[in-house]
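Engineer: Any chance you could fold what I've pasted below:
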Amino acid sequence: MIFERLMLDGALLIHPDRHIDERGHFARTYCRETFLAQGLKDCSLQCSTSFNMRRGTLRGLHLQREPHGETKLIRCVRGQVYDVIVDVRDGSASYGRWHAVHLSEENGRSLYVPAGFAHGFMTLTDDTELLYQMADPFVPTSAAGIVWNDPELEVSWPFEPIVMSAKDRLLPTLKTWRDAR
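Structural biologist: This next block holds a predicted model:
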């Protein structure tokens, strides 16, 4: 695994070190010891998948409020997504800044998202599936989010979403969310 630090402190893009031969390829996608040696959290507490039938599905921007922040490792195992993280950590030098990466089954990359970040994605293909590995338990009462098109964040999405939940459409702006805490 090759760890690439991103502009938002604590977030990493992890590239697979693929061993390729006539059969295909093999790559380690997670190793607890390697993550701990990098100063990262162990992302093996819970695993979940997100399957999305249609291109243009947008989920997010989701997070868990402290003290139940959630660190996660995200990988696209089928299809392609435009994956976005937003730093919402109080006192962070990159508070309110966002970063996007392209995750796909072809590139095999994973995104390490520290606690205190909002996360969302837009599918770029039909039948897209993401694998989430969490370092922290999901606490439904701490679930929160920021609206995908917050005018202050100015996230540059590839196109207007086609499929989105009513709940995600009604999420507050970052300012409204922060002021309500």
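
Engineer: Can you pull up the most central residue in this structure?
Structural biologist: Geometric centre of the chain, nearest residue: residue 119, 4.6 Å, by Cα atoms, centre = their mean.

Engineer: part of a strand, is that residue?
Structural biologist: Yes - using DSSP: H, G, I helix; E, B strand; the rest coil, the secondary structure at residue 119 is a strand.

Engineer: residues contacting it?
Structural biologist: 60, 61, 62, 63, 72, 74, 83, 84, 85, 86, 113 (Cβ atoms under 8 Å, 6 or more residues apart in numbering). The C-beta positions use only the backbone N, C-alpha and C, and glycine is treated the same way.

Engineer: is the fifth one in a bridge, and if so with what?
Structural biologist: Same thing as residue 72. residue 113, residue 134 (DSSP bridges).

Engineer: just the fourth one next, same as before
Structural biologist: Legend: beta-bridge partners of residue 63 under DSSP bridges are residue 144.

Engineer: and the gap between it and residue 8?
Structural biologist: Separation of residue 63 from residue 8 (Cβ to Cβ, to the nearest Å) stands at 14 Å.

Engineer: quick one: secondary structure of residue 176?
Structural biologist: helix.

Engineer: How many residues are close by it?
Structural biologist: For residue 176, the neighbour count with other Cβ atoms under 10 Å is 12.

Engineer: so where does residue 83 fall, helix or strand?
Structural biologist: Residue 83 belongs to strand 80-87 when assigned by DSSP states H and E.

Engineer: Report the inter-axis angle for the next helix or strand after that strand versus strand 80-87.
Structural biologist: Where DSSP H and E defines the elements, the next helix or strand beyond strand 80-87 is strand 98-104. Interaxial angle, strand 98-104 versus strand 80-87 (axes from the mean of the first three to the mean of the last three Cα atoms, to 10 degrees): 150 degrees.

Engineer: Now strand 98-104: buried residues?
Structural biologist: Of all the residues in strand 98-104, those buried under the rule 16 or more other Cβ atoms under 10 Å are 98, 99, 100, 101, 103, 104.
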